[in-house]
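S.K.: just need the structure, nothing else, for what follows:
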Amino acid sequence: MEYLARRLGLRTDPAIFFISAGLTVAFVLLLVIAPGPIGDAFAAGRSWIVTNLGWFFIFGVNLWLGFLIWAAMSNHGHIRLGTKDSRPEYSNLSWFTMLFAGGIGTVLMFWGVAEPISHFKDPPLPGVEPFSATAAQDAISIAIYHLGLHTWTIFTLPGLAFAYFINRYDLPLRVSSVFYPLLREGIHGPIGKAIDIASILGTLFGVAVSLGLGSSQIAAGLSALFGWEAGTFLKVAILTVLTAVAVTSIVAGLDKGVKMLSNINIAMAVGLMLFVLAAGSTLFLLRGVVETFGLYLENLPRLAFWNDMLANENPASDGWGWQADWTVFYWAWTVTWSPFIGLFVARISRGRTIREFVFGVLLAPSLFTLIWFAIFGWQAMEFDGIGAAARAAMGDSAGEISRAVTDSVPLAMFAFFEHFPFTHFVQGFAVVIVAIFFATSSDSASLVVDMLCTGTSKPGPVHQRVFWGVAEGLVAAMLIVLAGEAGLTALQQVITVVGLPIFVLVSMMIPSLIRGFALEDIDGVTIGTRPKLEEF
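M.R.: Numbers count the residues shown, from 1 in each chain. As a prediction, this is how the structure comes out:
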């Protein structure tokens, strides 16, 4: 494999690159040759996982959050993620902005309206009347639970492990490096390479699922604007364009341009949120933002440990329960992104203490998520009609957004904007935001996957990076073709199966970090000198 890598002009670990690339190509070919059996296999795998291991995902994320809080509050919180004299490279404001850019924009655009409305019309908690005030309060609480503190826990744990072992000990820029205290030199052997290959494949699939969701939302927006049919052809065409943009960026080496475009895109998203606040029911939304803080704090303990254990008593649930389609899907999907986002967060956090890192990464994006859902979610539910009296007074206009969500989840945001002035402009503006978010995410993910292969922050040859960009697009396109009309369900099946081994890997980062912390020279105030690798 080394000879072939030299002939192809690659700069990478040959085993990691060729095995990862081969498995990716093999999967795409299998989707083309036998889409039916592959789809059935993923459906069966998802069914088994959510039925038997859904509790593992839910318990695991809570365990991770508890560990992170312990690490930050303990004497180890003084440890700097780098050498003892290192200091942060970015100001707090710049750091928080980059955290937002790294992992939150795409998800908020897709689910900002769709998730609260979904829980509002179909309350998951027992005894709650659809479209009632209680349903509205629960809907907001559940949406923020899914995309707030717990989502960022999934990003923070691998981010901390990367930052600690790579920035502090100068180990290779690979997922296997965080297991050095457990594997020692084994990180360079078959076990370490298997970990890196699994991480690369997980990241590819996680990004592919996100690209599939993004193309569905853009197709829904174009359908709303121009009346085009949001079918498989349009979604694949959009995905082709997004992949072409990402590959062009890779070839041109437009790092500064991509960063500038990302910052502009963030400003556009914030501007869209402020437009909804100003053009919507401003006073109602301001009160809603404040009240949502209390609702989240009140309901978080119950939601965080709710495991839908009585779902088996409902024959219609097939033993899966509501969380199979929501919480378990979210955690499995998010964890496939965690090497990508974790590596990004680690790179921009060099020099910060563990305490700064944990609380900054957990709290700043979660706060923005809460405000976003409070504005979009409450406004969407008010447009839909909260309570029987309000819905009766609204007549036929009640339930317009909930009906749109029932028809098509990606259409929710665009149906929402029909209630605002400058409808077509705002819908087009939203399409541009989503397109840029997903194009830059694809570009960044390709670069990160390439880094995981090379083991350094220096980019590999152009054609090596282009391969990963094209591979992401191909996997996403094949998933869309395989999914057909049941797009979201098929994507949930794939990501739940792929997410399980990545979830296990991230869980094992906790004993590795504990072992690393134990070797630090802590006197309660200072961190002492960092241990040498041979001291493990």
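S.K.: return the list of helices and strands in contact with the strand or helix carrying Q464.
M.R.: Q464 is part of helix 462-483, with elements assigned from DSSP states H and E. Packed against helix 462-483, as judged by 3 or more C-beta pairs under 8 Å, 6 or more residues apart in numbering; DSSP states H and E, are the following elements: helix 14-33, helix 35-73, helix 190-226, helix 232-252, helix 423-454, helix 487-507. For glycine as for every other residue, the C-beta is placed from the backbone atoms N, C-alpha and C.
S.K.: just so I know, which of these lies nearest A404?
M.R.: Counting by C-beta to C-beta, A404 lies closest to helix 190-226 out of the helices and strands packed on helix 462-483; the figure is 9.3 Å.
S.K.: tell me how far that closest one lies from the chain's centre.
M.R.: In terms of C-alpha atoms, centre = their mean, to the nearest Å, the centre of helix 190-226 is set 10 Å apart from its chain centre.
S.K.: between it and helix 462-483, how many degrees?
M.R.: Relative orientation of helix 190-226 and helix 462-483, computed by axes from the mean of the first three to the mean of the last three C-alpha atoms, to 10 degrees: 60 degrees.
S.K.: and for the residue nearest to the spatial centre of the chain, nearest residue in space, chain neighbours not counted?
M.R.: The geometric centre of the chain, computed from its C-alpha atoms, lies nearest to T334 (C-alpha atoms, centre = their mean), at 4.1 Å. With C-beta to C-beta, 6 or more residues apart in numbering as the criterion, T334 has its nearest non-adjacent residue at 4.6 Å, and that residue is I154.
S.K.: next one: V175
M.R.: Take V175 and drop its neighbours on the chain: the residue closest to it by C-beta to C-beta, 6+ apart is S199, 4.1 Å away.
S.K.: please tell me how far the one you found sits from R465.
M.R.: Applying C-beta to C-beta, to the nearest Å, the value for S199 to R465 is 17 Å.
S.K.: so where is the stretch 201-350 of the chain shaky, pLDDT-wise?
M.R.: For the stretch 201-350 of the chain, the stretches with pLDDT under 70 are 250-262, 311-320.
S.K.: no no, the chain
M.R.: Along the chain, the parts satisfying pLDDT under 70 run over 1-10, 100-105, 250-262, 311-320, 457, 459, 482-492, 521-536.
S.K.: farthest from the middle of it: give me that residue.
M.R.: A393 (39.3 Å).
S.K.: specify the local secondary structure of that residue.
M.R.: helix (DSSP: H, G, I helix; E, B strand; the rest coil).
S.K.: what residues are up against A71?
M.R.: By C-beta atoms under 8 Å, 6 or more residues apart in numbering, A71 lies in contact with G77, L160, I354, V358, L513, F517.
S.K.: from those, which land in helices?
M.R.: With DSSP state H as the criterion, helices contain L160, I354, V358, L513, F517 from among the contacts of A71.
S.K.: surely the first one and L68 touch.
M.R.: Yes: when contacts are counted by C-beta atoms under 8 Å, L160 is listed as touching L68 (7.0 Å).
S.K.: which neighbours do these two have in common?
M.R.: V358.
S.K.: in contact with L242, which residues?
M.R.: By C-beta under 8 Å, 6+ apart, the contact set of L242 is L211, G214, S215, A435, F438, A439, S442, G473.
S.K.: the fourth one: what's its closest spatial neighbour, skipping adjacent residues?
M.R.: Once its chain neighbours are removed from consideration, A435 has its nearest residue in I218; the separation is 5.7 Å (C-beta to C-beta, 6+ apart).
S.K.: and the one you found, how many neighbours does it have?
M.R.: 24 (other C-beta atoms under 10 Å).
S.K.: ok, now which ones touch it?
M.R.: By C-beta under 8 Å, 6+ apart, the contact set of I218 is I238, V431, V434, A435, F438.
S.K.: any idea which of these is closest to D170?
M.R.: Distances from D170 to the contacts of I218, taken by C-beta to C-beta, are shortest for F438, at 33.8 Å.
S.K.: list the contacts for that closest one?
M.R.: F438 sits next to T106, S210, L211, G214, S215, I218, L242 when contact means C-beta under 8 Å, 6+ apart.
S.K.: including distance to G321, could those go into a markdown table?
M.R.: Listed next are those as a markdown table, based on distance: C-beta to C-beta, whole Å:
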| residue | distance to G321 |
| --- | --- |
| T106 | 27 |
| S210 | 25 |
| L211 | 28 |
| G214 | 28 |
| S215 | 29 |
| I218 | 32 |
| L242 | 34 |
